[in-house]
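Asker: Dropping a prediction and its sequence here:
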Amino acid sequence: MIELKHDELSFSFPEVHPDAKLSLNLQRTLRIPDDGNDYPLPPGLGAFPLRHVDDFASRLPELWKKHGGVMLPMYQSEALWVNLNGRYPFAVKVATGKINALTGESWADGLHRDPQDYMVTPDQPWLDGYCVEKGTIRQFVAMPLGGGYTVEEQITGEAEHGGLQIVVYPMKAQAYRELYVREGETVFSVALDMDSMALSAPAQSAPDMGLAPGGRMKQEIFDDPHDFDVWDTRASARCFVHITNSLAWRAVTGEEPPTTPLTSREYQEAGLPWFDYYGGDREALEGAKKLADLKTVKETGEEKGEQPLPENEPVEDPVVITLGGEGEGRPVREGRF
């Protein structure tokens, strides 16, 4: 079952196990410079508002009504990251425009191990972009469909779907009890309270937008440490997250969209921190050459004679705070007071 609660998607599988719950929100964030440098993790600037597509069906494209799900507003060239919260283990697949964000392959039902096309929670607390190399992603950046910028358009040649597609699979109850429950206590790897990593910040007429590859960021996507048969593939739930530009959001919902996000320069001038995550001895995926070979927003814009990325200057000597590691403590991602 999927519910929308306070701008957060809540997945629950009581038929599998009472603890089989996962929450997911989409965080506004700094768009890191698309300049070839590898940057640390930017902060969350608060969750994007999410609304039911069905509540505004009469004002939306037919394909959106067909897909159902939820929608959120983004400005052109704005960035986001996927925030995963929950202690019960899940296999989570994320695609943009029906292109898998880890492999670059077209959408396929089910889970696949070679190459691995899913993440494993709680070890993987977030996803900021496309897995292009071991330890490196390219940031999710919103661009209008039809301009040739999105991963979907670069790989398929079509601007059909846009948005994000998310499907989750819980761990089988027996595997959960064997691996994580000892004498009535639940044992977990390091888990982060990702909501505490978010900062309090201020939060085109065709609505459709997709995601394109932006700047390079240091982030490991961890290998699945479990046997493949621990995942209950009969108990999946999926959600289509549509992206509308902010002008269309106002017209469709009657709500004001969030204000424009902070730029990297403004954030740097305020002396606020960036982040790194230490994953211990967890193995990281190698990344997908198919995704690594795609053009970034900046590169596509240069080919087209356009400048889609305002405020794209490099950030020098960012203040970095390390998160993660072993032990009983639960690191938090520092926010603004």
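Answerer: Ah, there it is. Numbering: from 1, shown residues only.
Asker: what about the helices in the stretch 101-250 of the chain?
Answerer: Taking DSSP state H, counting those that start in this stretch, the helices of the stretch 101-250 of the chain run over residues 151-156, 173-180, 246-253.
Asker: would you turn these into a markdown table with mean pLDDT?
Answerer: Output for the helices of the stretch 101-250 of the chain, formatted as a markdown table (pLDDT from 0 to 100):
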| stretch | mean pLDDT |
| --- | --- |
| helix 151-156 | 98 |
| helix 173-180 | 94 |
| helix 246-253 | 90 |
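Asker: Can you tell me which of these is most buried?
Answerer: Using mean count of other Cβ atoms under 10 Å, the stretch among these with the largest mean neighbour count is helix 151-156, at a mean of 21. For every residue, glycine as well, the C-beta is placed using N, CA and C.
Asker: just for the stretch 151-300 of the chain, where's the confidence low?
Answerer: Low-confidence regions of the stretch 151-300 of the chain, defined by pLDDT under 70, span residues 182-207.
Asker: rerun at 80
Answerer: Scanning the stretch 151-300 of the chain with the threshold set as pLDDT under 80 gives 182-207, 270-272, 278-280.
Asker: remind me, longest strand of the chain?
Answerer: The longest strand of the chain (DSSP state E) is strand 208-218.
Asker: which helices and strands does that strand pack with?
Answerer: Using 3 or more Cβ pairs under 8 Å, 6 or more residues apart in numbering; DSSP states H and E as the contact criterion, the secondary-structure elements in contact with strand 208-218 are strand 38-39, strand 129-133, strand 136-144, helix 151-156, strand 237-245, helix 297-304.
Asker: Is Gln268 part of a helix or strand, or is it coil?
Answerer: Gln268 falls in the helix class when you classify it by DSSP: H, G, I helix; E, B strand; the rest coil.
Asker: Quick check, pLDDT for the residue nearest to it when sequence neighbours are not counted.
Answerer: In space, not counting the residues next to it along the chain, Gln268 is nearest to Val315; the distance is 5.2 Å by Cβ to Cβ, 6 or more residues apart in numbering. As summarised for this prediction, Val315 has a pLDDT of 87.
Asker: And the one 5 residues further on, by the same measure?
Answerer: Per-residue confidence for Val320 comes out at a pLDDT of 88.
Asker: begin at 604 from here
Answerer: That works, and once the first residue is 604, the last one we named lands at Val923.
Asker: does it have beta-bridge partners, and which?
Answerer: Following DSSP bridges, Val923 is listed with bridge partners Trp877.
Asker: that older thread, buried stuff in the longest strand of the chain?
Answerer: Using 16 or more other Cβ atoms under 10 Å as the test for burial, strand 811-821 gives Asp811, Met812, Gly813, Leu814, Ala815, Pro816, Gly817, Gly818, Arg819, Met820, Lys821.
Asker: likewise stretch 918-929?
Answerer: Using 16+ other Cβ under 10 Å as the test for burial, stretch 918-929 gives Val918, Pro921, Ile924, Leu926, Gly927.
Asker: Dump stretch 894-909 to PDB, keeping only the CA atoms.
Answerer: Listed in PDB are the C-alpha atoms of stretch 894-909, where the atom choice follows Å, rounded to 0.1, in the frame of the first residue of the first chain:
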ATOM      1  CA  LEU A 894      25.000   6.800 -18.300                       C
ATOM      2  CA  ALA A 895      28.600   8.100 -18.100                       C
ATOM      3  CA  ASP A 896      28.700   8.600 -21.800                       C
ATOM      4  CA  LEU A 897      25.700  10.900 -21.800                       C
ATOM      5  CA  LYS A 898      26.000  14.700 -22.200                       C
ATOM      6  CA  THR A 899      25.400  16.900 -19.200                       C
ATOM      7  CA  VAL A 900      23.000  19.800 -19.200                       C
ATOM      8  CA  LYS A 901      25.900  22.200 -19.700                       C
ATOM      9  CA  GLU A 902      27.400  20.100 -22.600                       C
ATOM     10  CA  THR A 903      24.000  19.800 -24.300                       C
ATOM     11  CA  GLY A 904      23.400  23.600 -23.900                       C
ATOM     12  CA  GLU A 905      26.700  24.400 -25.400                       C
ATOM     13  CA  GLU A 906      25.900  22.300 -28.500                       C
ATOM     14  CA  LYS A 907      22.600  24.000 -28.800                       C
ATOM     15  CA  GLY A 908      24.000  27.500 -28.200                       C
ATOM     16  CA  GLU A 909      22.000  27.800 -25.000                       C
END
